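Visitor: here's my sequence, what's the structure:
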Amino acid sequence: MNNNEACAEYFRGNSAYRRCFSEFEKKWKTYGKVTGIITLKNTSEEERRAIGGILGKTFYENTIRFPFAEFEKGLQYTKFAPVDFEQVLEAYFGRKTLTTQERQKEAERGKADFFETVESYLTECKGPDSIAVSWLQDMFSQKKYGYQTVIREYGRDREKTEKLLKTVGKAILLLEDIRETEEEYPLAVFSAEVSGNPHYFDQGTTGGQLLVHGMCYATEEDYPANAHQWRELLLSNGIVPDNISSIVHIYGLRLQVDGDWHPAYDAFCRRQEPCAVTMENLQELTAVHPTGDRVYIVENEMVFSYLLKHLEQRNVTLLCTSGQLRSAAVKLIPFLLNSGADIYYSGDIDPDGIRIADRLWRKYGDRIHVWRMSEEDYAKSLSEEEIGKISMKKLDAVENPVLRETAREVRKKKKAGYQENILKDLLEDMNRIKPDKTQLKK
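Guide: Take a look at the predicted model:
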């Protein structure tokens, strides 16, 4: 047994030094050395005598104060000398005596190891360049994008949190595939496929919160402030919370449901009024009848309202998708093409808008006409809204010849173009078409 261990054993066997050593450990953790003033209140005579013996002092008051360094110095005059006080403390408490700074560094190393473990898992799943890996890396380095939620759970149970983060990472990887294929998943089906639990990503669950953080990172959006924004975010990523949330606005379109022309939509057509149609309404859809041989589709609700208000001739069919194509719009498009109509699609001239139009063209061919999304239209629609690097990557796979040229200009200017800036051009195009005077039959 060396001097430090013998010294520690002596003090550990004498209860009069117990409070004293507790204070020594606190000082060491704070400063990493023998420094500061030790204060003990309501001391017993035994404590005062024991401590005074080391210091060479006599204490009379119940509260005693003395420099930590004087106690350490006093030890160097005992039979245990020479002693290393840090080693005495470690032997006394039977554990490594780390300073606050050392503990923080150790904790950070543990967190880094944790994130590296999950990163390695996701890299094995889909390579190092996936959005899920980027999200995880930036989450740790920037302490954002769901970091506080992960660390809260990490503090409770590291193993469970590792499983949680791997599961959410897998969901983000699947979302990349969903965005590429235009498929939509009901939330419960998506949750069950990824985790085995249909409620794993429900709103308010920890898994659901982290999934939203990952979505926001991928689309460079703010975290949703309410349930409406939450639904919109999920829908824009191809996840349908329910059939009611998937909506498309229509004007001038008859719908045949379960073999019969639906009287409600016929009435809207006669009254020349728009209406909202949900995926639930389209479950038994069997055919559609547009007004005329052209169907116009716009991305923005305000554009939809403006065009309807200012159209000189009303015998047209106009749809509004409200951003990304939802399941209701995706279901309608094949029926529209089967009716013999051509579709003219116009969206915002930014990476998301260009990709939507390009996917439609790739899927349905030249019966999908890219409407007012050329280089010239981009110049007219240009805003001051800058496009981030992550969004810009979405332009890499554009195939439509017109959109490919537009994408090249977007890369140069790095700013978004919006439909609201070319409203008169859109309106002029629609008014130029001769009205179809054929009245719709009931």
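Visitor: residue with max distance from the center of this protein?
Guide: The C-alpha centroid of the chain is most remote from residue 58, which lies 64.7 Å away (C-alpha atoms, centre = their mean).
Visitor: any idea of the pLDDT on it?
Guide: Residue 58 carries a pLDDT score of 93 in this model.
Visitor: secondary structure element holding it?
Guide: Residue 58 belongs to no helix or strand when assigned by DSSP states H and E.
Visitor: and it, its phi and psi?
Guide: phi -120, psi 120 (degrees, to the nearest 10).
Visitor: that one and residue 150, how far apart?
Guide: 56 Å (C-beta to C-beta, to the nearest Å). Bear in mind the C-beta positions are built from the backbone N, C-alpha and C, glycine included.
Visitor: name the nearest residue to the residue farthest from the centre of the chain, sequence neighbours excluded.
Guide: Counting by C-beta to C-beta, 6 or more residues apart in numbering, residue 52 is the residue found nearest to residue 58 once chain neighbours are left out, at 5.4 Å.
Visitor: can you tell me what sits against the one helix or strand that neighbour maps to?
Guide: Using DSSP H and E, residue 52 maps to helix 45-55. Residues outside helix 45-55 that contact it (C-beta atoms under 8 Å, 6 or more residues apart in numbering) are 14, 16-17, 19-20, 40, 58-60, 64, 66, 70-71, 74-75, 78.
Visitor: likewise for stretch 212-228?
Guide: Counting by C-beta under 8 Å, 6+ apart, 131-132, 134-135, 138-139, 145-146, 149, 168-169, 171-172, 175-176, 203, 230, 232-234, 236-237, 352, 388, 390-391 sit against stretch 212-228.
Visitor: and what of stretch 230-237?
Guide: 175, 178-179, 187, 203, 212, 215-216, 218-219, 221, 224, 240-241, 245-246, 323-324, 326.
Visitor: can you flag the buried ones in the residues you listed?
Guide: 175, 179, 187, 212, 215-216, 218-219, 224, 240-241, 245-246, 323-324, 326 (16 or more other C-beta atoms under 10 Å).
Visitor: cross the residues you listed against strands and list the overlap.
Guide: Counted as lying in strands by DSSP state E, out of these, are residue 240.
Visitor: now do the phi/psi pair for residue 185.
Guide: phi -120, psi 130.
Visitor: that one touches residue 239, doesn't it?
Guide: Yes - assessed by C-beta atoms under 8 Å, residue 185 is found in contact with residue 239 at 5.6 Å.
Visitor: common neighbours of those two, please.
Guide: With C-beta under 8 Å, 6+ apart, residue 185 and residue 239 have common neighbours residue 178.
Visitor: which of the two has more neighbours?
Guide: Counted by other C-beta atoms under 10 Å, residue 185 and residue 239 do not tie: residue 239 has more neighbours, with 24 against 20.
Visitor: isn't the more buried one up against residue 188?
Guide: No - between residue 239 and residue 188 there is no contact under C-beta under 8 Å: 10.1 Å.
Visitor: which residues are in contact with both of the two?
Guide: With C-beta under 8 Å, 6+ apart as the test, residue 239 and residue 188 reach no residue in common.
Visitor: returning to what we had before: output the contacting helices and strands for whatever helix or strand comes next after the helix holding residue 52.
Guide: Stepping forward along the backbone from helix 45-55, the first helix or strand reached (DSSP H and E) is strand 64-67. Counting contacts by 3 or more C-beta pairs under 8 Å, 6 or more residues apart in numbering; DSSP states H and E, strand 64-67 is packed against strand 37-40, helix 45-55.
Visitor: nearest to residue 315 among those would be which one?
Guide: strand 37-40 (90.4 Å; C-beta to C-beta).
Visitor: fine by me, we can end here.
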